[in-house]
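Trainee: can you look at this prediction? I've put the sequence above it.
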Amino acid sequence: MTMKIDAFSHVLLPEFYKEMLKLDGHLVQKMPFIQNPVLTDMKIRRENMPANTKQIISYVNANPEDYVEDETAALLVTKANDELLVTVQENPDLFVGGVAMVAMNHVPEAVRVIEEFVPAHPEILGIQVFTRHLGKSLADETFKPVFEAAARAEVPLWLHPVFDERKPDNNIIFSWEYELTQAMLEIVQAGYFKEFPNLKILVHHAGAMVPYFAGRIERILPEDQANDFKKFYVDTALLGNTKALELCVDYYGSDHVLFGTDAPLGILPAGATEVITDAIEAMDLSEKDKTKIFSGNAKRLYGLES
């Protein structure tokens, strides 16, 4: 059976979880999915781990920057990253790496994570950013030093959606896909791929709406911006849907699609690994391309051992 690297799976580790509950006693009501013990308890995670799979883990979207001032947020993020590092180191049978948090209300500290923490720890493969931070677009000028530092240090970014709180009708089915798509557009229009040619960004949920609106992108945007959309990397976290994944690969190319499931979320108790695996196996692709998606692209992009 094919060995897989799940490039986009999540945790909510115990000590960080406790700190976030201190900041927001209603966190569970706001994000009921965080009650899944597979996020927090590595013994339970091991018992439910899909076969022939290792994961790259990042925190769910509970962000200290939304609750506390810059120095306190940076301190909480530092503790969370240390806890993530230890978790990866202590569970090499489960994880091939972790993705660090950053506090975007303390940009110098975010840059330090990129320039110092990530390079110092080979188990940490990059940083996670969100479609909006502090009510602003990720492509806001405030956050540009993070992109610059990531490109300079060749530290990849993982892009995860959050709701735009200006909207009254956010929902988990469609809103996050719009937010991802809009953030991608804003990154492209900010010219970051041209200014920072080493920039590597992995987008959750198969690049969201982009493959389905490729015609609009190509006919409405300038050619150079339309071409920049294909510089993103995307995962396969669509909860199945072979035809949609085929369109995704057709648009991005097999070298830019990585196996990713959102585990342990989506399908209880441990996620959609089997459903997504079956959807990829059913695709009209060569075995070589399927191997790239299941593990080869992650190994190449993140410098993982074969």
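Mentor: Received it, and whenever you're ready, just let me know what you need.
Trainee: CA only for contacts and neighbour counts going forward, please
Mentor: Will do.
Trainee: any idea how far the residue lying farthest from the centre of the chain lies from Met209?
Mentor: The centre of the chain is farthest from one residue, Arg219, which by C-alpha atoms, centre = their mean lies 28.7 Å away. Distance, Arg219 to Met209, using C-alpha to C-alpha, to the nearest Å: 16 Å.
Trainee: again with Leu12
Mentor: 28 Å.
Trainee: Phe147: what's it in contact with?
Mentor: Residues counted as contacts of Phe147 (C-alpha atoms under 8 Å, 6 or more residues apart in numbering) are Tyr192, Phe196, Leu199.
Trainee: how many other residues sit next to the first one?
Mentor: Spelled out, it's Tyr192. 19 (other C-alpha atoms under 10 Å).
Trainee: could you do the last one as well?
Mentor: Here the number of neighbours of Leu199 (other C-alpha under 10 Å) works out to 22.
Trainee: quick one, grab the pLDDT at the nearest residue to it once chain neighbours are set aside.
Mentor: Among residues not flanking Leu199 along the chain, Ala151 sits closest, at 4.5 Å (C-alpha to C-alpha, 6 or more residues apart in numbering). Note for Ala151: predicted pLDDT of 98.
Trainee: if I read this right, Ala151 contacts Phe193, doesn't it?
Mentor: No - taking C-alpha atoms under 8 Å as the contact criterion, Ala151 and Phe193 are not neighbours in contact, 9.4 Å apart.
Trainee: burial of Lys30, as a residue count?
Mentor: Neighbours around Lys30, by other C-alpha under 10 Å: 10.
Trainee: secondary structure class for the closest residue in space to Tyr252 that isn't next to it in sequence?
Mentor: Spatially, and ignoring its direct neighbours in sequence, Tyr252 is nearest to Lys230 (5.6 Å; C-alpha to C-alpha, 6+ apart). What DSSP: H, G, I helix; E, B strand; the rest coil gives for Lys230 is helix.
Trainee: burial of Lys230, as a residue count?
Mentor: Neighbour count for Lys230, taken as other C-alpha under 10 Å: 16.
Trainee: correct me, but it touches Asp250?
Mentor: No - if you go by C-alpha under 8 Å, Lys230 and Asp250 don't touch, sitting 10.9 Å apart.
Trainee: may I see the buried residues of the helix or strand hosting the residue farthest from the centre of the chain?
Mentor: Using DSSP states H and E, Arg219 maps to helix 214-220. By neighbour count on 16 or more other C-alpha atoms under 10 Å, the buried set for helix 214-220 is Ile217.
Trainee: show me where the stretch 201-306 of the chain has strands.
Mentor: 201-203, 233-235, 257-258 (DSSP state E, counting those that start in this stretch).
Trainee: pLDDT below threshold where in the stretch 101-250 of the chain?
Mentor: Applying pLDDT under 70 to the stretch 101-250 of the chain picks out no residues at all.
Trainee: returning to what we had before: residues shared between the contacts of Ala151 and Phe193?
Mentor: Residues touching both Ala151 and Phe193 by C-alpha under 8 Å, 6+ apart: Leu199.
Trainee: neighbours of the nearest residue to Lys243 once chain neighbours are set aside, how many?
Mentor: Using C-alpha to C-alpha, 6+ apart and skipping the chain neighbours, the partner closest in space to Lys243 is Met283 (7.6 Å). Residues lying near Met283 (other C-alpha under 10 Å) number 16.
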